[in-house]
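Build me a model from this:
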Amino acid sequence: MTTTVMVFSVRPASHLQFKLFCAIATSRTQANSNNHVKALCKQGNLKEALKLLHDTAGHLNSSAYISLLQACIRKKALSEGQIIHAHINGSGFMADTVLGNTILNMYAKCGNTGYARRVFDQMPGRDVCSWTMMIAAYAKHGFAHEAILLFNQMRETLVQPNQFTFASVLAACANLPSLEQGRKIHEEIINAGFQSDMVVATALINMYANCGSIENARRLFDNMPQRDLVSWNAMIAGYAQHGLVVEALKLFVKMPERDVFSWTSMITGFTQNGLIHEALKLFNEMPQRSVVSWNAMIAGLAQNGFIEEALKLFQQMPQKDVFSWTAMVTGYAQNGFVEEALKLFEEMPKRPVVSWNAMISGFAQNGLVEEALKLFKKMPKQDVASWNSMIAGFAQNGHGDKTLKLFREMQMAGVRSDSKTFVTVLQACANLAAFEQGMEIHEKINRSPSRFDISVVNALIDMYAKCGDVQEARDMFDKMHIRNVVSWTMMIAGYAMHGYAKEAIRLFEQMEYSGINPNHVTLLSVLSACSHAGLVDEGYRYFNHMSDHYHIMPVMEHYRCMVDLLGRAGHLDEAQDFINKMPIKPDAIIWSCLLGACRTHNNIELGERVAGHIFELDPKNASPYVLLSNMYAAAGRWDEIEKLRKMMKEKGIAKTPGCSWIEVGREVHAFLAGDRSHPQMQKIYMELERLSQGMKAAGYIPETRFVLNDVKEEEKEHILRHHSEKLAITFGLLNTSHGSTIRVIKNLRVCGDCHSVIKFISKIVAREIIVRDVNRYHHFKDGQCSCGDYW
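Numbers count the residues shown, from 1 in each chain. From the prediction side, this is the model:
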């Protein structure tokens, strides 16, 4: 029997079918991976989700990547977010706008605005969310100027802002604060039809309140068709911030509902205005308290000197965080209890950097700068705030040279300076008239993100003005895209201190025209400008308009300025009458202003009466003794001078020695009257003698009436020749290039003889010499002074 064998041949699948099979299998695997990653992210298990990302070689879809990035946002996991970003870069998803927005948002929420901006700039397509996220990131992290610039760039595109865009840029205006910019954006909001939106209306309330226009804030609040809890809180916080606690309380009582923030805002408002009992009453009535409300009450008690009550509350706290401990440490230090602050600091269960910084600031506030420095050096880890605390400590205690030295150490340590650093060191340069170092810092600012920070630009204006370069200060002011009340005030003050009264008043009028409301410092600067130029009528007009037109009640500083204005102009009786009619009790400084005017106009009789008031109010003040001695010396009444010297000796009162500073080659040199300690003193005296001969040949006659010693004329001339400003100027002439400007600071008023001498020197050496004394700036050039001999 024959067996038939049947052979079946299996035809292989086609190449296309095989690829389809693999694609389906891969798709199912990827789908599983995507779903698994999403599930892990939802559970908060970022570590396992990242492990799966590595195992799948990054083959995830856009949705899974978004879940991973959102998990990073929740955990503030920047390093992990950067890893995911690197995977996305190789995945081909970068054209996905939603995914790009999530990457941008991850960097922004993790605090890295630099990387966020880099992502934003590289996005092939941006929608309104992209722009809004970047603007919001800038506003939140202190880059208000960049936020506004980016908003202006957005307006040049076809992308229209939404309510969240407007809210974000308004937050930036509030943070600056810049009322001028805020008003412009408000106009755009009205044109875009978003004014009735609750989010936008609340942001507008916050902006106007922060920018000092509380009336506009309240008007918006009253006109809102609907209000939520955030709107109520914004208006209450605005009132509290401006000290209008009665209005804040009225609104608080009317609230349909309150949260912890509402109660805490009200408590903070009370404590900031010294109403401790009202704050405690409200704190005890709170239905629920958070750690934040406990901390606010403790900080409020401590700041108002109720340190024992603060400690009791601190001990009662059911749960303390690092800010609770830091509030108590700060409170002790602010009230002068440094040992107690240090003891509590050492008892802290954990000491993060913020607590170390608080203790360093506490030492510095109490003048214990060396102890602060020791603690700073002991820190296990220093951040930029630590350096800022120590730098500010030196600055607050008058150690300008050490401030700048520590700043250089910070640079060498590789720590990146922030806006607070730059503001502090610029103030140190301004106080020392360290022009060269100020310019170097300006160059560093130009290479940093702080170059757009309005507080830094304001500090630059102040530095240039106080270093004598008022034109550079004005150039800085003119280049500003955004200005706040401080910007205008700094520039007006700059003009005032240099005696440019017309320019100061003109700028003040421009400020008013632009819609910026002046504050009490602005008006003080305007009055000062009037005083330096003898503009009595203008000074009276601005002073009388303070309360009715500008709604600012004059304080002691404004009254002092008016007395100084009248006294300089020779209206001594009118100045005395003005003092007698003041609604507040005059202090020793106001009487000193009038005494200085008596010295200038040689009114000994009134001067003696005025000095009597100062002796009574400030018995240890050397100023009235010196000013009276000047008047007696000019009248040749040497017996009276001897009596004053005897009184000073018996009371242990010492005259402040004249001291002048000059910066040469990044180093500040100090000189005292008759100083012989400087290494170049022999050269300085020789050069002074040479200059003296040249001045006498040009007609100079020494004004020996300014010498308070009853000695021969030759000896008086010798004493005058060695005044500190003359030594500093001569040192500058010997150590700077021909034709360069000499800048000197004097801690007292420049005497009449020195004023004459510097005019002669400026002509002989063909140099501009700028001297800043305790009253004003003098620009000497070609034998003339900018003050016109009115100082």
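
where does the residue most central in space within the chain fall, phi/psi-wise?
Nearest to the mean C-alpha position of the chain, by CA atoms, centre = their mean, lies residue 455 at 5.3 Å. Dihedral pair for residue 455: phi -70, psi -30, per degrees, to the nearest 10.

wouldn't it be in contact with residue 419 here?
Yes - contact criterion CB atoms under 8 Å: residue 455 and residue 419 qualify, at 5.8 Å. Every C-beta, even on glycine, is put in place using the N, C-alpha and C of the backbone.

pLDDT at residue 116, what is it?
We have a pLDDT of 94 for residue 116.

Excluding residues flanking it in the chain, which one is nearest it?
Leaving out its chain neighbours, the residue that sits closest to residue 116 by CB to CB, 6 or more residues apart in numbering is residue 107, at 3.8 Å.

what about the helix or strand that the one you found is a member of, distance to the chain center?
Element membership for residue 107 (DSSP states H and E) is helix 97-109. Helix 97-109 has its C-alpha centroid displaced from the chain centroid by 32 Å (CA atoms, centre = their mean, to the nearest Å).

following that helix, which helix or strand comes up?
helix 113-122.

buried residues in that following helix?
Neighbour-count burial for helix 113-122, counted by 16 or more other CB atoms under 10 Å, picks out 113, 115, 116, 117, 119, 120.

Which residue ranges of the protein form strands?
Counting by DSSP state E, the chain has these strands, from start to end: 659-664, 667-672, 742-746, 769-772, 777-781, 784-785.

Residue 266 and residue 215, how far apart?
Plainly put, residue 266 is 21 Å away from residue 215 if you go by CB to CB, to the nearest Å.

next one: residue 135
Taking CB to CB, one finds residue 135 at 28 Å from residue 215.

Check residue 312 too.
Taking CB to CB as the measure, residue 312 falls 40 Å from residue 215.

can you check residue 238 too?
Using CB to CB, one gets 11 Å for the distance from residue 238 to residue 215.

circling back to that earlier point, between residue 266 and residue 215, which one's more packed in?
Neighbours were counted for residue 266 and for residue 215 using other CB atoms under 10 Å; residue 266 has more, 29 against 10.

thought that one was touching residue 240?
Yes - the pair residue 266 / residue 240 is scored as a contact, 6.7 Å apart, by CB under 8 Å.

Next, show the common contact partners of these two.
Both residue 266 and residue 240 are contacted by residue 248, under the criterion CB atoms under 8 Å, 6 or more residues apart in numbering.

sorry, back to before: now the helix holding residue 107 and helix 113-122, what's the angle there?
160 degrees (axes from the mean of the first three to the mean of the last three CA atoms, to 10 degrees).

and helix 97-109, what does it pack onto?
Other helices and strands packing on helix 97-109, by 3 or more CB pairs under 8 Å, 6 or more residues apart in numbering; DSSP states H and E, are helix 62-75, helix 78-89, helix 113-122, helix 128-140.

Could you tell me the model confidence score at residue 752?
pLDDT, residue 752: 87.

Skipping adjacent residues, who's closest to residue 691 in space?
That would be residue 761: by CB to CB, 6+ apart, it lies 6.0 Å from residue 691.

separation between the one you found and residue 427?
From residue 761 to residue 427 the distance is 30 Å (CB to CB).

Report pLDDT for the closest residue to residue 301 other than its chain neighbours.
Of all residues beyond its chain neighbours, the one nearest residue 301 is residue 310 (3.9 Å), with distances taken as CB to CB, 6+ apart. As predicted, residue 310 sits at a pLDDT of 95.

Wait, residue 310 touches residue 302, no?
Yes - checked against CB under 8 Å, the pair residue 310 and residue 302 is within contact range at 4.3 Å.

Now for the two: what residues contact both?
Common neighbours of residue 310 and residue 302, using CB under 8 Å, 6+ apart, are 327, 328, 331.

Quick one: those residues as a markdown table, columns for pLDDT and neighbour count too.
Output for the shared contacts of residue 310 and residue 302, formatted as a markdown table (pLDDT from 0 to 100; neighbours: other CB atoms under 10 Å):
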| residue | pLDDT | neighbour count |
| --- | --- | --- |
| 327 | 93 | 25 |
| 328 | 95 | 28 |
| 331 | 93 | 28 |
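
In helices, which of the residues you listed fall?
Judged by DSSP state H, the subset of these located in helices is 327, 328, 331.

how many neighbours does the residue lying closest to residue 255 once chain neighbours are set aside have?
Once flanking residues are discounted, residue 255 sits nearest to residue 232: 5.2 Å by CB to CB, 6+ apart. Using other CB under 10 Å, residue 232 has 24 other residues around it.

for the stretch 51-200 of the chain, which spans come out with low pLDDT?
57-59, 92-94 (pLDDT under 70).

Oh, that last question was meant for the stretch 401-550 of the chain, not what I typed.
In the stretch 401-550 of the chain, no residues with pLDDT under 70.

Then the stretch 251-400 of the chain?
Using pLDDT under 70, nothing in the stretch 251-400 of the chain is flagged.

which residues of it fall in helices?
260-272, 276-285, 291-303, 307-316, 322-334, 338-347, 353-365, 369-378, 384-396, 400-412 (DSSP state H, counting those that start in this stretch).

tell me the contacts of residue 431?
Counting by CB under 8 Å, 6+ apart, residue 431 has contacts 395, 400, 466.

Repeat the analysis, applying 10 Å as the threshold.
395, 398, 400, 403, 463, 466, 661, 745 (CB atoms under 10 Å, 6 or more residues apart in numbering).

how about the second one, phi and psi?
This points to residue 398. phi 80, psi 10.

give me the number of residues near it?
13.

what's the closest non-adjacent residue to residue 481?
Distances taken as CB to CB, 6+ apart place residue 149 nearest to residue 481, at 6.9 Å, with adjacent residues excluded.

Quick one: residues contacting the one you found.
Residue 149 neighbours (CB under 10 Å, 6+ apart): 135, 138, 143, 172, 452, 481, 482.

Does the first one touch residue 154 like I think?
Yes - counting by CB atoms under 10 Å, residue 135 does reach residue 154; the two are 7.5 Å apart.

Right, I'll leave it there.
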